[in-house]
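Enquirer: I'll drop the sequence and a predicted model, then ask my questions.
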Amino acid sequence: MKATVACIPCMMRQAFLAARHCGGDPTLHKQVLDEAMRRYLALEDPLGITPGELSQVAYEACRDVMGVHDPYLHEKRSCNEKVMELYPELKARLDQSADPLADALLLAMAGNIIDLGIDQPYDLTEDVIKQMDRGFDVQELEQFRHALSGAKSILYLADNAGEIGFDRLLIEVLGPDRVTLMVKAGPIVNDAMLADAQQVGLTDIVRVVDTGSNYFGFPWHIVSRQAREQFRTADLVISKGHANFETVSELGPEEHSGIWYLLKVKCEDVAIAVPAASLGDVVLISHATVKAGRAPATGD
């Protein structure tokens, strides 16, 4: 999806939140905002790129002005620790589940509440339980089961640190031997990197690769040639979270046809882009359904 006018104030808010997180005084924070706006105005077509690429402007302005390479490092490590404290209990719950795949998908989706870039409050334990009880709002679960049954190789595009502890539970159900996890090559907000995958034990059970960049999501023209090849050759791609949806949904069938989106809808523009979705919905939907703009057939 392309950025909209609503993405501009969101981008500036992200610049402010990141600057404030780095510390310093309001004078420095204003310098970050001024620099972010200067870079925005220098873009040739700011609404011709994805929201993730527009957000990149905010964080690069903050990094260059504040001189902080990875401002969310401590929070990422803390989130990973908290999630792994819950892991044994959640693993036991999956072991007793009548439908481990559906419950693992919901657990992975519950982890998507951890998003430091938009600064929304959450209670990890309580919100996970609520999400498990609520289920999906928009889903093509039976179609996903069918696609999964024929997939010998799965590329899993990770989203945030902390959240990847929940992803581990899903990956264990999918079958780690056929999964490759893709993380970011450099820091951007709390997006997962190799160190986060190591901290939650994913490097012990799956192959972990990176996008070759620190850009939000998976912008095709920015990620590395190796990342694009991994994407093309996987039988099935699971695209997790907002930024991955915003960028991957720009792709056509020539890049990949077997893409599945797993995300919580956190803004109105994404709700418009996801058929039948509303703000706050939890979604499992295919790339084909998104591109066709049709309401998903649940198959239930």
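Expert: Sure, I can see it. Numbers count the residues shown, from 1 in each chain.
Enquirer: average pLDDT for stretch 48-65?
Expert: Across stretch 48-65, the average pLDDT comes to 92.
Enquirer: how far off centre is that stretch?
Expert: 16 Å (CA atoms, centre = their mean, to the nearest Å).
Enquirer: domains in this structure, by residue range?
Expert: 7-66, 73-292 (automatic domain parsing).
Enquirer: in a markdown table: those, plus distance to residue 1 and mean neighbour count.
Expert: Any C-beta I mention is one placed from the backbone N, CA and C, and that applies to glycine too. Shown next, in a markdown table, are the domains of the chain (distance: least, CB to CB, whole Å; neighbours: other CB atoms under 10 Å):
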| stretch | distance to residue 1 | mean neighbour count |
| --- | --- | --- |
| domain 7-66 | 7 | 18 |
| domain 73-292 | 4 | 19 |
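Enquirer: now do the strands in the stretch 151-300 of the chain.
Expert: In the stretch 151-300 of the chain, the segments counted as strands under DSSP state E, counting those that start in this stretch are 154-157, 179-183, 207-210, 236-240, 259-264, 282-286.
Enquirer: just tell me which of those strands ends up closest to residue 64.
Expert: strand 207-210 (22.4 Å; CB to CB).
Enquirer: who's in contact with the closest one?
Expert: Contact partners of strand 207-210, identified using CB atoms under 8 Å, 6 or more residues apart in numbering, comprise 179-185, 193-194, 197, 202, 226-227, 230.
Enquirer: what do you get for stretch 283-295?
Expert: 105, 109, 136-141, 143-144, 147, 248-249, 251-252, 256-265, 273-277, 296.
Enquirer: inside helices: which ones of those residues?
Expert: Taking DSSP state H, the ones among these that sit in helices are 105, 109, 141, 143, 144, 147, 248, 273.
Enquirer: could you find the closest non-adjacent residue to the last one?
Expert: Residue nearest to residue 273 in three dimensions, not counting chain neighbours: residue 1, with 4.4 Å by CB to CB, 6 or more residues apart in numbering.
Enquirer: residues in contact with that neighbour?
Expert: Residue 1 neighbours (CB under 8 Å, 6+ apart): 50, 51, 245, 246, 249, 250, 269, 270, 273.
Enquirer: where's the fourth one relative to residue 274, distance?
Expert: When distance is defined by CB to CB, to the nearest Å, residue 246 is 11 Å away from residue 274.
Enquirer: quick one: low-confidence ranges for this protein?
Expert: 112-127, 129, 254, 298-300 (pLDDT under 70).
Enquirer: need the contacts of strand 207-210 in CSV with distance to residue 168, can you?
Expert: Listed next are those as CSV, based on distance: CB to CB, whole Å:
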residue, distance to residue 168
179, 10
180, 14
181, 9
182, 14
183, 13
184, 17
185, 20
193, 15
194, 14
197, 9
202, 5
226, 23
227, 21
230, 19
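Enquirer: closest to residue 171 among the residues you listed?
Expert: Using CB to CB, the contacts of strand 207-210 come closest to residue 171 at residue 179, 5.1 Å.
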